[in-house]
Every structure is written in C-alpha cells, then in structure tokens.
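Q: Have a look; sequence and predicted model below, questions after that.
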Amino acid sequence: MIGYNFVKSRTSRRAEKHFSVACSSGGAVASEPDEDTNGWDFFVEFPDMAFTGPAETKPPRPHAFVQIKSTVSRSMIVKVKLSNMLTACSSPDPWFLILVDANNEMYGLEICGALMHSALKDIRKARLAGKKLNRTFQSVRFRVADRICENVVDWMQARIGSSIEAYRTAKSRLYSATGYERGFAVVNFSITSPSDDEIGNAFLGLGSGLNIEHFSVTDQRFGIPEPLGPPIPRGTMSIKPTPISTCEIRVVSPTNEPSLALKGNVYGFHPPLASRDSSRLRLCAPPVDIVLHRTGGEGTLTLKANESYNLAHFAAYTKIMRWLRAGPLKVDARTNGNPTWSGNFEANSNGREIDCLIDIVSALTKVAQHSALSNFEFSLADVNNGLPLLHSGALLLGDRALKIEVPTEDFSQQPATSIIFPVALTIGDWEVGAIVERAVVTDQTSEGLRTLVCGPAQVREAKVCDRGAVSMRIDLESDYQRILSNADKLGRPLGIEGMMTWLEKT
C-alpha cells in the first residue's frame, strides 16, 4: 500500500511538471497553490494581449484555473470531487481538467457546457440525498478527440476567446440557466372562486383576483423535483394577460361634442377542454372595458380607487361621466377594423364627487398643455387625500368666473386689468405648479370692500415634479416675479402672491 501511494505521487508530480513546462514554452506562467484545498493545481496567467488604449482602461490579464490528472494505464476515466466541480462551475473564470498519460500526451476538457451540466446534475442528486460533496466523486471520461495536439496554452486561449470579461459573463449566465432547459418549476394550487364567470374574468385581467388554496412550488432543475418551502394554505392570485390583438372603442356623445375614440388591446380566454362557446374576449381601451361571451356582452368603466392611472385615463373617464348626465351613450367596438360589438351606457346622473373630480382633471389637463407629464400618474385615493385644498386650487385654474372680496386696505387702490397669482397643488407623489392670469371683468369698491370679478384662467407657466422637490417652489416664485413684471409693461396687473395661503386658511 505504501509503495502504491509513492508511485501515484511520482506519477502526479511528473504530470504537473510536464504541464508547467508546456505552459512556460507557450509564454504563460503556471503557479501552484500553497495548499491544494481549492480544487485546482495551477493558476495560469496567459501572455498579455496587445492593447493600444489608455493604461487605466486596460482589461485584466487572461487567466485560468487548472486541475491536473494523470494515468499510467489505458483508462481515460478520472474521479473529481463534487465540491471541486461545484467550485469550478460556480466560478465565472475559466477552469480546465487536463489529463496527462504515460506518454506525456495531454487531453483537455473545459468545465463548461456538457461537463458543467453533468456536474451540476450530480451535485444536485448528491445534495438531495444528503451526501457530502467533498466525499462524493464524479467520473469524468476523456476521449481520443480531447487530445491536445497544439501547445496547451494556445488550446486554453482558444476556448477563452479574445475577451476574458465576455467569457466570465457567458459562463455566469450558463451556470444560472443550466438544468432549466425544460422549465423552471411546477406550481400546484386549487382555485376556490365560486363561479366560471369569475374565473374567466380573472384570466382576462379583470376583477380583484382568484382565491386559491394549497399553493406550492417545486423546483425542477434537471428534472429532479425539490419543494421550494412549505405549501401556502391560502391566498389571492392576480393574472396579467397577454394581448392577442388591438381594438378601437368609440363612445358617441349625446350632445354635439365629437365622439371619444379610444385605442386598446384585445385579450382572450378559452377554458381547457371546453367548447368554443365557453370562450370570452375582453376589449380594453381605458377607461372602457367590454367583455364578450356566448350570451352577448357588456361594457363597464374602470376606475379603481387605489390604482394609479395617467391623466388621459382620468380625462376620458370624467368626459364619459359628464356625458352620461345628458343621456345614454352609444358605444361601438372594432377589432382589426371590423365591427365587434355595439351597445349602450345607460344615463347616470352620478354625484357631486364626480363634479369635484371633473374640476381637478380639467385643471390638470390645462397644466398639461404647458408641461411634460409623461410619467405623471395618480389614483382616485390620491385625489381624495388631497381634498379640499386640491379642489379649491383646481378651481383657481378653471374657466368659471372668480369673485374676490378683500378689505380695501389689503390692496393698492390702482385699478387692475388682470390678476396674476401662483397655484401649487399636491397630488399623490407629485407637485403641480402654475402661474395663472385672469382678466378683471369688474373692479368695484364699496363700504371698505374691494370686489374683483375675473374671467377664465390662463396658464402662463407650469411645472410638474416629484413631491417634496424644493426647487419647484423656488422656480415658481421666480416665474411669478418674471411674468408679473412683463405683464406690467402691457397693462395694470395685480399680483396676489398669497392666493394659496388664503385657501389654506379658509
């Protein structure tokens, strides 16, 4: 037994020296570790590549880790610890297995691709069986085609390529994706929702979600199942459908206003193993939703209290709600240019809260004509949280006449042709600012009170930014002074800088 170990040690040293000499002849430096505890026998630094750019941008010198195996027999099969294979696979750096036979012929395998696949599969099996990776081995077979005919340095560099960084990125991606070629996981759950209509609507992206029970996820890497945590007893599942086509929904005004044309998407759902009559379609052009099924179809207006929408959604919603006060609305839907559905929205007098929302959306729409609102979204809950100041500020931006009564000593007695004032609104995560000018229609003083009646608001400047941005308030003050100064050259403007402060007090 002692003699066998001695012979094996000599064989291994011969193989390692042969590899080291071959690296030196190829212009590379092969360094041995102080202790063989990391699964590699040599750290190989390749010759520097030509680089003409600035020194501080030079890419790292290519390198690789190498484990040497040796044989004195005809066997081309070697044993490698799974712990060493895991280190080689998980590292983004190049790793190689080199076999040196009795004739000093070298055979090489890159620990990537098929070898990584088989190694990670064996590692998963061993881990799930409770085996220690440093005491479990993988059999690796070298073939005649793996013989290295050129210098071993050239052979390794050919597999690394021209960019070590590109190699590291590709290997890291492969390490994460290997074993998932046929899918990532199996999900099991039971739907407990009471009706087929509720299930069908959920798969179209409607409703508040499906009630589910016994939710579990089983990882399926390499087709070897492994539960990912204990089952979840119950929960709610929301579904985000994928569009299958596009549509146009046209809402016809009961008055003389132009029709409202809305562009949207079509979603479909067909229950498994069910007849074609069970299929349903959803035509979604916010804020209008139309669901078609075997018994007909119905249209609804969508505005969930806690969901954020863009300004166009709110503008279309408030316009339709305003129209409904005048009578029923005709609704036509087309898919790919072909008529799909036609129906009506019944007349609805709605309530004062809709008046409030209409005023606010109208004011924001006026601001939008003078400011970029590409990311501007808010919810109905944001509107309600900003009341009543949000509504009062919106009225300052509206088209209705504005009447102001103040003690005469609060203002200059000089007649005014217009009033100019800043408006600052807070809605959700946003600050909306504007400089407003209103033409003075009448200006009267009686019994110590000055009464100004002003016409529709004209926005002279507007800004929208994230809530809490100090810069907007500073910019708004600067814009106010500039616009007031310029207006003074053309008329007799009356500046009312504290308009919002008055609203807050009242």
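A: Sure, I can see it.
Q: Setting aside sequence neighbours, what's the nearest residue to Gly495?
A: In space, and not counting its chain neighbours, Gly495 is closest to Leu484: 4.7 Å by Cβ to Cβ, 6 or more residues apart in numbering. Every C-beta, even on glycine, is put in place using the N, C-alpha and C of the backbone.
Q: Would it be right to say that the one you found lies in a strand?
A: No. Using DSSP: H, G, I helix; E, B strand; the rest coil, the assignment for Leu484 is helix, not a strand.
Q: quick one: contacts for it?
A: Contact analysis of Leu484 by Cβ atoms under 8 Å, 6 or more residues apart in numbering lists 420, 493, 495.
Q: residue contacts, the last one?
A: With contact taken as Cβ under 8 Å, 6+ apart, Gly495 is in contact with 419-421, 480, 484.
Q: Tell me which of the residues you listed fall in helices.
A: Here DSSP state H is the test, and the contacts of Gly495 give 480, 484 as lying in helices.
Q: Could you dump the contacts of Gly495 into CSV with distance to Gly264 and pLDDT added?
A: Converted to CSV, the contacts of Gly495 look like this (distance: Cβ to Cβ, whole Å; pLDDT from 0 to 100):
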residue, distance to Gly264, pLDDT
Ile419, 43, 93
Ile420, 41, 94
Phe421, 40, 94
Tyr480, 41, 92
Leu484, 45, 90
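Q: Mind picking the one among the contacts of Gly495 that's closest to Ala28?
A: Checking these against Ala28 with Cβ to Cβ, the nearest one is Tyr480 at 71.2 Å.
Q: so the closest one sits right up against Pro422, yeah?
A: Yes. Taking Cβ atoms under 8 Å as the definition, Tyr480 is a contact partner of Pro422 at 4.8 Å.
Q: shared neighbours, those two?
A: Counting by Cβ under 8 Å, 6+ apart, the shared contacts of Tyr480 and Pro422 are 435, 497.
Q: Among these two, which residue is more densely surrounded?
A: In this view Tyr480 and Pro422 are compared by other Cβ atoms under 10 Å, and Pro422 has more residues nearby, 24 against 20.
Q: Can you tell me, leaving aside adjacent residues, what's nearest to Ser216?
A: Ser216 sits nearest to Pro231 (Cβ to Cβ, 6+ apart), 4.1 Å away.
Q: ditto for Tyr167
A: Excluding the flanking residues, the one nearest Tyr167 by Cβ to Cβ, 6+ apart is Ile160, at 5.3 Å.
Q: Count the residues that sit near the one you found.
A: 19.
Q: Give the full set of residues in contact with it.
A: By Cβ under 8 Å, 6+ apart, the contact set of Ile160 is 46, 62, 64, 94, 167.
Q: switch the cut-off to 6 Å
A: Applying Cβ atoms under 6 Å, 6 or more residues apart in numbering to Ile160 gives the contacts 62, 94, 167.
Q: just Met156 next, same as before
A: Residues in contact with Met156 (Cβ under 6 Å, 6+ apart) are Ala64.
Q: Let me know the helix or strand that it is in.
A: Using DSSP states H and E, Met156 falls within helix 152-160.
Q: Same check on Cys356?
A: In this structure, Cys356 sits in helix 352-368 according to DSSP H and E.
Q: That helix - contacts with which helices or strands?
A: Contact here means 3 or more Cβ pairs under 6 Å, 6 or more residues apart in numbering; DSSP states H and E; on that basis helix 352-368 packs against helix 311-324, helix 389-396.
Q: Could you export those helices as TSV, including distance to Lys366 and mean neighbour count?
A: Listed next are the helices and strands packed on helix 352-368 as TSV, based on distance: least, Cβ to Cβ, whole Å; neighbours: other Cβ atoms under 10 Å:
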stretch	distance to Lys366	mean neighbour count
helix 311-324	11	19
helix 389-396	9	20
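Q: Switch these over to CSV; also include distance to Glu226 and mean pLDDT.
A: Listed next are the helices and strands packed on helix 352-368 as CSV, based on distance: least, Cβ to Cβ, whole Å; pLDDT from 0 to 100:
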stretch, distance to Glu226, mean pLDDT
helix 311-324, 44, 95
helix 389-396, 53, 94
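Q: could those helices go into TSV alongside distance to Ile404?
A: Formatted as TSV, these follow (distance: least, Cβ to Cβ, whole Å):
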stretch	distance to Ile404
helix 311-324	27
helix 389-396	11
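Q: Which one of the ones you listed lies nearest to Ala368?
A: helix 311-324 (6.0 Å).
Q: Can you tell me what sits against that closest one?
A: In contact with helix 311-324 (Cβ under 6 Å, 6+ apart) are residues 251, 253-254, 286-287, 303, 329, 347-348, 350, 354, 357-358, 361, 364-365, 368, 373, 376.
Q: before we move on, what about stretch 12-28?
A: 30, 44, 46-47, 68, 70, 98, 100, 104, 151-153.
Q: mean confidence for the helix or strand following the helix holding Met156?
A: Sequence-wise, the next helix or strand downstream of helix 152-160 (DSSP H and E) is helix 164-177. Summarised as a single mean, pLDDT over helix 164-177 is 95.
Q: and what of stretch 451-459?
A: pLDDT averaged over stretch 451-459 gives 95.
Q: Just the CA trace of stretch 326-338, in PDB.
A: C-alpha atoms of stretch 326-338 as PDB (Å, rounded to 0.1, in the frame of the first residue of the first chain):
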ATOM      1  CA  ALA A 326     -77.200  64.200 -20.700                       C
ATOM      2  CA  GLY A 327     -78.500  60.700 -21.700                       C
ATOM      3  CA  PRO A 328     -77.400  57.200 -22.700                       C
ATOM      4  CA  LEU A 329     -74.200  56.800 -24.700                       C
ATOM      5  CA  LYS A 330     -73.800  54.600 -27.900                       C
ATOM      6  CA  VAL A 331     -70.600  52.500 -27.800                       C
ATOM      7  CA  ASP A 332     -69.100  50.800 -30.800                       C
ATOM      8  CA  ALA A 333     -66.100  48.500 -30.800                       C
ATOM      9  CA  ARG A 334     -63.900  47.400 -33.700                       C
ATOM     10  CA  THR A 335     -61.200  44.800 -33.900                       C
ATOM     11  CA  ASN A 336     -58.800  44.900 -36.900                       C
ATOM     12  CA  GLY A 337     -61.100  47.400 -38.500                       C
ATOM     13  CA  ASN A 338     -64.200  45.100 -38.200                       C
END
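Q: Could you list the buried residues of it?
A: 329, 331-335 (16 or more other Cβ atoms under 10 Å).
Q: what's the closest of those to Thr178?
A: Relative to Thr178, and with distances defined as Cβ to Cβ, the nearest of the buried residues of stretch 326-338 is Thr335, at 42.8 Å.
Q: The closest one touches Thr246, doesn't it?
A: No. Counting by Cβ atoms under 6 Å, Thr246 is not a contact partner of Thr335; they are 7.5 Å apart.
Q: Give me the three-state assignment for Asn344.
A: Per three-state DSSP, Asn344 ends up strand.
Q: For it, which residues are in contact?
A: When contacts are counted by Cβ under 6 Å, 6+ apart, Asn344 touches 328, 330.
Q: For it, list each beta-bridge partner.
A: Applying DSSP bridges to Asn344 gives these bridge partners: Lys330.
Q: And Ser446, by the same measure?
A: Bridge pairing for Ser446 - DSSP bridges - gives Leu449.
Q: Next up, the contacts around Leu292.
A: Counting by Cβ under 6 Å, 6+ apart, Leu292 has contacts 281, 341.
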